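Visitor: Quick one: sequence and predicted model below, then my questions.
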Amino acid sequence: MALLKLPRPLHVIDIDNLMGDPRVIDPWVIGKWQSAYMHTTGLRPGDHAIVGTGCNGKHAFAVQSKWNPFRVVRRPGPDGADEALIEAAITEAERGRYTHFVIGSGDHRFADLYDELVDKGYPVTVVSRSRSLSRALRSRAGDRLLYLPDLNLI
């Protein structure tokens, strides 16, 4: 008897891009973006997500405290969080534990990740704010694109 493989996405979330500011430390603002993301995508506690953020200590701590129990990756440098997220997503794709991926970012740096995941046979959905979505990701995602509301909290 074959086991039925239930849908199991991995969310790869560039929270700094989604919020529009990599310095936010207000837990209320971070929580509002988290709620918007969860509502838009259906992400629930217990689902798997990797959240990337830069190494600004107060910001990283605030993000980690709101996005607990999801995995948070950090790396210094202007694109450090993006690089950490991309590496983690590729590693997880190679392990084959997920049925599809959700990229929570509009940053053009994730277009290559999108292509690599699709080449490996994974369906990929992109989640972004409309004003921060790169042309590269928009053209790749087609109808597999979800828009976050524009919260104007910052």
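Guide: The structure has been received and is ready for your questions.
Visitor: low-confidence ranges in this protein?
Guide: Residue ranges of the chain with pLDDT under 70: 1-6, 153-154.
Visitor: Okay, and residue 11 sits in which element?
Guide: Using DSSP states H and E, residue 11 maps to strand 9-14.
Visitor: Show me the contact partners of the helix or strand just after that strand.
Guide: Downstream of strand 9-14, the first helix or strand assigned by DSSP H and E is helix 15-19. Outside helix 15-19, the residues within contact range by Cβ atoms under 8 Å, 6 or more residues apart in numbering are 22, 29-30, 33, 37, 51-54, 63, 67, 81, 104-107, 127-129, 132, 148, 154. In this view, the C-beta of every residue, glycine as well, is placed from N, C-alpha and C.
Visitor: Identify those among the residues you listed that sit within strands.
Guide: Judged by DSSP state E, the contacts of helix 15-19 include 51, 52, 53, 104, 127, 128, 129, 148 as members of strands.
Visitor: what's near enough to touch the first one?
Guide: What that stands for is residue 51. 13, 15, 63, 67, 70, 71, 72, 73.
Visitor: and it, what are its bridge partners?
Guide: residue 13, residue 72 (DSSP bridges).
Visitor: Give the buried subset of the contacts of helix 15-19 as a PyMOL selection command.
Guide: Listed next is the PyMOL selection for buried residues among the contacts of helix 15-19, using 16 or more other Cβ atoms under 10 Å:
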select buried, resi 22+29+30+33+37+51+52+53+54+63+67+81+104+105+106+107+127+128+129+132+148
